[in-house]
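In: this is a predicted model, with the sequence first.
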Amino acid sequence: MDSKSFQVWWKAFRFHYASASFMPGILGGMIAWTYDDQFRAGYFLLVMLGLILNHLALNMADDYYDFRHLVDVFDSHGNPYAGGSGTLSKGLIHPAHMRNVFTAFFVIAIGIGIYLGLVRGVLIHFLLAFGFFCAFFYTAPPIRFGYRGVGEIAQLLCFGPGIGLGAYYVQAQELSWEAFWGTLPFGIMLFSMITINEIPDYLEDRKAGKMNLVARFGREAGVKLFILSLLSAYGAILMGILLGKIPVIGLISLLTLPIAYKTISILRKHYQDPIQMSPANLGMICIHNFTAILLILSYTIVGFKEDNLLSSFVPLFTLIILYLPIAKLISKALSIKRKGEVQ
């Protein structure tokens, strides 16, 4: 594969959204280490591989089925953070090739899940089935969650406690409220991210019959739903701390509140203009990622053990490696945004 082909497929992968999967996966493993002294690096890395492949497959499956349902045909709003990758609608990738790739990714991810269930507990198979069901049928027929106004809730459950509890169970072979509360904010913030990304797509989604919550109830309702869900995510962090399920040092995750305030301000002012509101879409990505990183750092500090540095730092090193390409993309986007403001 030459560099040009790789760039096209990398665009189709939309790796910058994969943090919605690997962040709660990392935290679930870290919580097992922090509270139960349970951490097996090999299983942890297998979970990471499965989560990433599943998320990339999900991104491509969404593109593929939205293209088949003509959603991308109407996509002309110019907001780079909403809609699909554009690789199918622009003819950069043949639909059959994308279908083959995301099918292969799903098969490998499912194979990893089946193996982990055999060696670590059958409950993993149930969590795997739930995760695949939510991921594949978000846009795939006949269910198409994303077209019926329930996809946002399904993704909240899957990309928060669902992944977090699964990653925790692989390590500790039991479930815990700590893993639930620690990863619940991720799921709620993903709900917020999906909602704000649906606002620029409002007209296009309605034309294509993709009746998600924003398309169903309108952009104004979408703005209110976004604000409520985002504030609820911070509320979940505070509640987890008050209940003793999240370490007190987790309060540092509230450092992203100024970004949240600015994002809400931009959205309320420009929600009718897909291009002008694009900094709010970028802001939500930053809120989700930076809040997750600060929570992971909190658990790294609490779970640090001098006699086992490998287990203490493997999740953090994994986060750094996985997040580098996303950080590069966000840095580039922020640079473009600053140049636009100067001009």
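Out: Thanks, I have it.
In: for the rest of this, base every contact and every neighbour count on C-alpha atoms.
Out: Will do.
In: now do the contacts for residue 262.
Out: Contacts for residue 262 were tallied using C-alpha atoms under 8 Å, 6 or more residues apart in numbering; they are 280, 283.
In: distance from whatever helix or strand it lives in to the middle of the chain?
Out: Taking DSSP states H and E as the criterion, residue 262 maps to helix 257-270. Distance of helix 257-270 from the chain centroid (C-alpha atoms, centre = their mean, to the nearest Å) equals 20 Å.
In: do the same with stretch 231-241
Out: When distances are taken as C-alpha atoms, centre = their mean, stretch 231-241 is centred 18 Å away from the chain's centroid.
In: quick one: contacts of it?
Out: Contacts of stretch 231-241 (C-alpha under 8 Å, 6+ apart): 181-182, 184-186, 188-189, 246-248, 250-251, 254.
In: let's see 10 Å
Out: Stretch 231-241 is touched from outside by 177-178, 180-192, 225-226, 229-230, 242-251, 253-254, 256-257, 260, 288, 291, 295, with contacts defined as C-alpha atoms under 10 Å, 6 or more residues apart in numbering.
In: could you check the angle helix 257-270 makes with the next helix or strand after the helix holding residue 262?
Out: With elements assigned by DSSP H and E, the helix or strand that comes after helix 257-270 is helix 278-303. Angle, helix 278-303 to helix 257-270, by axes from the mean of the first three to the mean of the last three C-alpha atoms, to 10 degrees: 160 degrees.
In: what's the offset of helix 278-303 from the middle of its chain?
Out: Centre to centre, stretch against its chain (C-alpha atoms, centre = their mean), the figure for helix 278-303 is 11 Å.
In: give the next helix or strand downstream of it.
Out: On the C-terminal side of helix 278-303, the closest following helix or strand by DSSP H and E is helix 309-342.
In: related to what we said a few turns ago, what about the contacts of stretch 231-241, which are in helices?
Out: 177-178, 180-192, 225-226, 229-230, 242, 257, 260, 288, 291, 295 (DSSP state H).
In: quick one: low-confidence ranges for the stretch 51-200 of the chain?
Out: For the stretch 51-200 of the chain, applying pLDDT under 70 flags the ranges 70-78, 83.
In: let's see it at 80
Out: For the stretch 51-200 of the chain, the stretches flagged by pLDDT under 80 are 69-84, 135, 139-140, 145-146, 149.
In: just the helices from it, written as ranges.
Out: 95-120, 123-136, 151-157, 163-172, 177-198 (DSSP state H, counting those that start in this stretch).
In: which of those helices is buried the deepest?
Out: When you average the neighbours per residue for each of the helices of the stretch 51-200 of the chain (mean count of other C-alpha atoms under 10 Å), helix 163-172 leads with a mean of 28.
In: tell me the angle of that one relative to helix 177-198?
Out: Using the same axes, to 10 degrees, the direction of helix 163-172 lies 150 degrees away from that of helix 177-198.
In: now do helix 163-172: distance to the chain's middle.
Out: Using C-alpha atoms, centre = their mean, the offset of helix 163-172 from its chain centre is 17 Å.
In: check stretch 306-317 too.
Out: Worked out by C-alpha atoms, centre = their mean, stretch 306-317 lies 25 Å from the chain centre.
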